[in-house]
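Visitor: how would this look folded up:
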Amino acid sequence: MVRYINHFRPMFEARAAIGWALALVLIAASGMPHSGYYVALCVAMLLLRGSQVWRALAFRMAISTKWLAKIHINQLLEESGKLRKNDDSMYLGTGFEWTQKHCQIAHDILRMPSSEIPGLPRWLPKKIVGAVEARFGPAQSVRDRMPQGQSWIHGMEPKKVCVPLHYKALGGHTAVGGTTGAGKTRTYEVIATQVIHNAEDVMIIIDPKNDRDLRDRVKLECERTGRKFLYWKQAAPSESIRLNPLENWSQPSEIPSRIAQLMEEGPFRDFAFLFIDRAVKGELYVGDKPNLRSILNYAQSGINSLLERCLKRFFPEAGMADWDDEVNGFMQKLGQKSGATLLDGMVQLYLQRFANVGRGHESIDGLVSTFTHDREHYMRIIASALPLLQMLATGETGLMLAPKADDFEDDREIWDIDKIIKQKAVLCVGLDSMSNSIVAKAIASMILSDIASVAGTIYNFYDKPPGVVLIIDEVAEAINEQVIQILNKGRGAGFKAFVAFQSRSDLEAKLGNAAKMLQVLANLNNQIILRLEDTDTAQWFSDKVGETGITNIVQSSTTSTGSEAHVGEFSGSVSRSRQLEKVPLIPVRLITQLPNLQYFLRVSGGAVYQGRIPIIEG
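Guide: Purely as a prediction, here's the structure:
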């Protein structure tokens, strides 16, 4: 049988305490024989009733006042160290395990008018109210004066504990949901601080908003621990490192895939992939390292120079040392045609002596096909890719994403994802999504594709994968197929992802269909849910948590009188019954009414917590 306690009945214990206090005074003053025994009894009962009044008053104060928790960095690291040692967990503020008891209280409150939720009388002077709040308020806390959220959600449990987020569960990846201003950045600050002080993990942050508080906290903690802090910011080149998102790949086709996926699906995207793939393979054949600048150059100017370099290398390797004489012969034949060039002769030689007899090279075959394609038609089709390439490969952005190793006047460091992971550095990528959202999304997508490629290499070739904590804020701004692969298979490569979003519809709109959205959410096994405005997302989380049973008290009363009865005669009855009802363990209304920095935590297959993220000081 579920025990039911009505927390909102009148405080009868206060009346009893007053009665025992009066009895104590009267008996002590009466001088009656053996009064000491009765006085002792009164004291014991007064203490019992007083403690009950104290707990009831503390509960009512807790549910009627919102607080913001603060924690000094030293205390945060101390609490984190204890949890890591005793429970192999990360510290996520203070709170309590959410159980059927709290669900019962929540439903009792939700059925009440807000004016009837017990608290201090409004007629009390402010000084008395302040003194009571100071006495019953949590340690290291300040009043939350913001209008968002309901105070009673976090206050219904007086016994708070450190909320643990188990490291072994992080490999299943974590969703961080919350509307604007609910506390996602502060949550990331608490998580990032602990990761940085854990020397075993690398951390990479992709932040489309470029939040200054998060960056400053990460930089400060890196300075404290002596770890390398790397910052890439599109809007501030002078403060940034240079980062090549095309440095790491397993197959050459990965490079054109990363660029082509930034375009809308269709034949133009397919042709852009085909052209870039041919150019990349040609560069690799002659020993060049493909980058955004070189790909843009070949898209604008054509691949003639690259094809010529490839053929000059191919002919001697194929045993044709006197290829130039052969080309001269073909040039004489082509001389009748106006505009024939040396490259035309080289292409004809290649086709007749090699390609047409099955002795060609696949890299050169592709370049020859591009060379012989109608130039005007080619320019019309490739034109769809040029704006994107120009945004990424020109100006300061181009110098940051396609660094020149031989540019000795540029003293900014050159890094790539593989190097960052090997040196256990901390990377913070700040994008300029508000002023240049198209480029910001493209950059985020390419960097995440590079991360996915490195994850694949780690998975395939590392005996012991390094720990990599990947934080993606506003994932809808950057998600692509590679991010889905990281979430799906990244655990084997040591990746632990934290992915933030405001609503499920953001993901669905970006990915194009609900199935893809559900695929992403299915790979986020843990959920940290702050206040949500989207009820669909709140319903999704409520369904994840499950259901429980609560008690409803049903009261009914009837009175009746007969037509033949005396005027004073009547009959009546009063009944009171308990009914069990199946309800969500966390009602949707609670998720949409959370105050700032408060959250519900669900660990896959484990406990559910309600907690409060602290503001780090120091």
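Visitor: What segments of the stretch 401-550 of the chain are helices?
Guide: For the stretch 401-550 of the chain, the helices defined by DSSP state H, counting those that start in this stretch cover 417-422, 437-461, 481-489, 504-511, 514-522, 535-545.
Visitor: list the buried ones in the shortest one?
Guide: Which is helix 417-422. Using 16 or more other Cβ atoms under 10 Å as the burial criterion, the residues of helix 417-422 that qualify are 417-421. For glycine as for every other residue, the C-beta is placed from the backbone atoms N, C-alpha and C.
Visitor: Met112: which of the helices of the stretch 401-550 of the chain is closest?
Guide: For those, proximity to Met112 was assessed by Cβ to Cβ; helix 535-545 is nearest, at 20.8 Å.
Visitor: Might you calculate how far stretch 579-586 sits from the centre of the chain?
Guide: 30 Å (Cα atoms, centre = their mean, to the nearest Å).
Visitor: returning to what we had before: how about the buried residues of helix 417-422 in JSON lines, adding pLDDT and distance to Glu13?
Guide: As requested, those are exported to JSON lines (pLDDT from 0 to 100; distance: Cβ to Cβ, whole Å):
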{"residue": "Ile417", "pLDDT": "95", "distance to Glu13": "63"}
{"residue": "Asp418", "pLDDT": "95", "distance to Glu13": "66"}
{"residue": "Lys419", "pLDDT": "95", "distance to Glu13": "66"}
{"residue": "Ile420", "pLDDT": "96", "distance to Glu13": "61"}
{"residue": "Ile421", "pLDDT": "95", "distance to Glu13": "61"}
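Visitor: Put the alpha carbons of the strand or helix carrying Leu399 into PDB.
Guide: Taking DSSP states H and E as the criterion, Leu399 maps to helix 395-401. Extracted as PDB, the C-alpha positions of helix 395-401 are listed here (Å, rounded to 0.1, in the frame of the first residue of the first chain):
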ATOM      1  CA  GLY A 395      39.900  36.100 -46.800                       C
ATOM      2  CA  GLU A 396      40.800  35.600 -43.200                       C
ATOM      3  CA  THR A 397      38.500  32.600 -43.000                       C
ATOM      4  CA  GLY A 398      40.500  30.900 -45.700                       C
ATOM      5  CA  LEU A 399      43.700  31.600 -44.000                       C
ATOM      6  CA  MET A 400      42.300  30.000 -40.800                       C
ATOM      7  CA  LEU A 401      40.800  26.900 -42.500                       C
END
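Visitor: domain ranges for this protein?
Guide: As given by automatic domain parsing, the domain ranges for the chain are 12-63, 172-236+421-524, 254-395.
Visitor: Of those, which is nearest Pro158?
Guide: domain 12-63 (5.9 Å).
Visitor: averaging pLDDT over each of the domains of the chain, which comes out lowest?
Guide: Per-stretch mean pLDDT for the domains of the chain is lowest at domain 12-63 (a mean of 83).
Visitor: can you give me the end-to-end distance of that domain?
Guide: Across domain 12-63, the terminal residues are separated by 19 Å (Cα to Cα, to the nearest Å).
Visitor: picking up where we left off before, just give me the closest of the buried residues of helix 417-422 to Leu597.
Guide: Ile420 (30.6 Å).
Visitor: Once you drop chain neighbours, what's closest to the closest one?
Guide: Excluding the flanking residues, the one nearest Ile420 by Cβ to Cβ, 6 or more residues apart in numbering is Leu427, at 5.3 Å.
Visitor: name the helices or strands packed onto the helix holding Leu399?
Guide: strand 242-243, helix 292-301, helix 386-393, helix 437-461 (3 or more Cβ pairs under 8 Å, 6 or more residues apart in numbering; DSSP states H and E).
Visitor: in the third one, what's buried?
Guide: What that stands for is helix 386-393. By neighbour count on 16+ other Cβ under 10 Å, the buried set for helix 386-393 is 388-393.
Visitor: for this structure, what's the longest helix?
Guide: helix 35-64 (DSSP state H).
Visitor: Next SSE downstream of that one?
Guide: Toward the C-terminus from helix 35-64 - assigned by DSSP H and E - lies strand 67-72.
Visitor: what does that next one rub up against?
Guide: Contact partners of strand 67-72, identified using Cβ atoms under 8 Å, 6 or more residues apart in numbering, comprise 79, 93-94, 137-138, 140-144, 154, 596-597, 612-618.
Visitor: Which among the residues you listed count as buried?
Guide: Buried among these (16+ other Cβ under 10 Å): 79, 93-94, 137-138, 140-141, 144, 154, 596-597, 612-616.
Visitor: And those, which is closest to Lys489?
Guide: The closest of these, once distances to Lys489 are taken by Cβ to Cβ, is Ile613, at 30.0 Å.
Visitor: Where does confidence bottom out across the buried ones among the contacts of strand 67-72?
Guide: Among these, Gly137 carries the lowest pLDDT, at 66.
Visitor: Now intersect the buried ones among the contacts of strand 67-72 with the strands, please.
Guide: Among those, the residues falling in strands (DSSP state E) are 93-94, 141, 612, 615-616.
Visitor: Check which helix or strand Tyr91 maps to.
Guide: Using DSSP H and E, Tyr91 falls in strand 89-97.
Visitor: pLDDT of the very next helix or strand once past that strand, averaged?
Guide: In the C-terminal direction, the helix or strand that comes right after strand 89-97 (DSSP H and E) is helix 100-110. Averaging the model's pLDDT scores along helix 100-110 yields 88.
Visitor: report the angle between the axes of helix 100-110 and helix 35-64?
Guide: Angle between the axes of helix 100-110 and helix 35-64 is 70 degrees (criterion: axes from the mean of the first three to the mean of the last three Cα atoms, to 10 degrees).
Visitor: Quick one: residues in contact with stretch 423-432.
Guide: Counting by Cβ under 8 Å, 6+ apart, 196, 199, 201-211, 214-215, 218-219, 222, 227-236, 243, 415, 417, 420, 439-440, 443-444, 447, 466, 477 sit against stretch 423-432.
Visitor: one more time with 7 Å, if that's ok
Guide: Residues outside stretch 423-432 that contact it (Cβ atoms under 7 Å, 6 or more residues apart in numbering) are 196, 202-208, 210, 215, 218, 222, 227-235, 420, 440, 443-444, 447.
Visitor: In strands, which of those residues fall?
Guide: Members of those lying in strands (criterion: DSSP E): 202-207, 229-233.
Visitor: is it true that Leu533 touches Thr179?
Guide: Actually, residue 533 is Glu. It isn't Leu. Yes - in this structure, Glu533 is within contact of Thr179 by Cβ atoms under 7 Å, at 4.5 Å.
Visitor: Looking at those two, which one has more neighbours?
Guide: Taking neighbours as other Cβ atoms under 10 Å, Glu533 and Thr179 compare with Thr179 leading, 18 against 14.
Visitor: phi, psi of Arg578?
Guide: phi -110, psi 130 (degrees, to the nearest 10).
Visitor: I'd say it and Ile553 touch.
Guide: Yes - with contact defined as Cβ under 7 Å, Arg578 counts as touching Ile553 (6.0 Å).
Visitor: and the gap between Ser250 and Leu262?
Guide: For Ser250, the distance to Leu262 equals 20 Å [Cβ to Cβ, to the nearest Å].
Visitor: between those two, which one's more packed in?
Guide: Between Ser250 and Leu262, Leu262 has the larger neighbour count (other Cβ under 10 Å), namely 22 against 12.
Visitor: Take the ones in strands among the buried ones among the contacts of strand 67-72 and write them to JSON lines, including distance to Ala62.
Guide: Formatted as JSON lines, those follow (distance: Cβ to Cβ, whole Å):
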{"residue": "Gly93", "distance to Ala62": "16"}
{"residue": "Thr94", "distance to Ala62": "13"}
{"residue": "Ser141", "distance to Ala62": "11"}
{"residue": "Arg612", "distance to Ala62": "12"}
{"residue": "Ile615", "distance to Ala62": "19"}
{"residue": "Ile616", "distance to Ala62": "24"}
